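S.K.: A predicted structure for the sequence below; I have some questions about it.
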Amino acid sequence: MRLSLLALTGMLAAGVASAQNGFSGPGLYEIMNQKSTRMMALDTRDRSSVIQIVSRSQEEQRWIVEPGPNGTFFIRSAIHGRALQITNNARSTPVVCSRFDGSPAQQWRIEPGKDGNPLIVSAVGGRVLDIPNGSNQEGLRIQIYDRDGDSNQRFVFHRIDERREKDRERRDRWDRDERDRR
């Protein structure tokens, strides 16, 4: 089996990152901020803002992590495949989901934080994903900020087992059909 250089780079990066809490390389994840205990999610109202919400195990809080160049990753919404992106490198700038183009603004490094929970670091300028003031406010937009490594900048990755998820969805459909028949 022949591997592309991109795939090999991604696998090597995944190996380095796999020691981090919950992150085990490319895959489907729910990403929770350590301080707020809220999930990173796509705002379904405008389909581009990135916010934090209470865990609902819904598609808007699922992210596809794919290998990018030079040990980086792309973090893409499971809803529409758009990529997490910075719009400029100024502190307190909210991140968005934009059409995937593979640009440096869409490339992220996943690096260990103080306690092993990862920091999500922009390849442009090195600022990190950050929950403003560590707030647990529902619907608060996620931003980039200078790296200090505090818990409002550290995240926990929950890998979604796609087979288990499909089985759950199948059971839910079956349950709904059973209720409808009654």
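M.R.: Ah, there it is.

S.K.: can you pull out the strands in the chain?
M.R.: 27-33, 39-42, 50-53, 62-67, 73-77, 83-85, 96-98, 108-112, 118-122, 128-130, 143-145, 155-159 (DSSP state E).

S.K.: Who is the nearest residue to Q106 once chain neighbours are set aside paired with across the strands?
M.R.: If the residues on either side of it in the chain are set aside, Q106 comes closest to A83, at 4.1 Å by CB to CB, 6 or more residues apart in numbering. For every residue, glycine as well, the C-beta is placed using N, CA and C. A83 forms beta bridges with R76, S98, as assigned by DSSP bridges.

S.K.: Among the strands of the chain, which comes closest to D180?
M.R.: Ranking the strands of the chain by proximity to D180 (CB to CB) places strand 62-67 first, at 26.7 Å.

S.K.: R82: how many residues sit nearby?
M.R.: 17 (other CB atoms under 10 Å).

S.K.: try S135
M.R.: Neighbour tally, S135, other CB under 10 Å: 14.

S.K.: ok, now which ones touch the nearest residue to it once chain neighbours are set aside?
M.R.: Counting by CB to CB, 6+ apart, S135 lies nearest to S36, which is 6.4 Å off, once chain neighbours are set aside. For S36, the contact set (CB atoms under 8 Å, 6 or more residues apart in numbering) comprises Q52, I131, G134, S135, N136, L140, N152.
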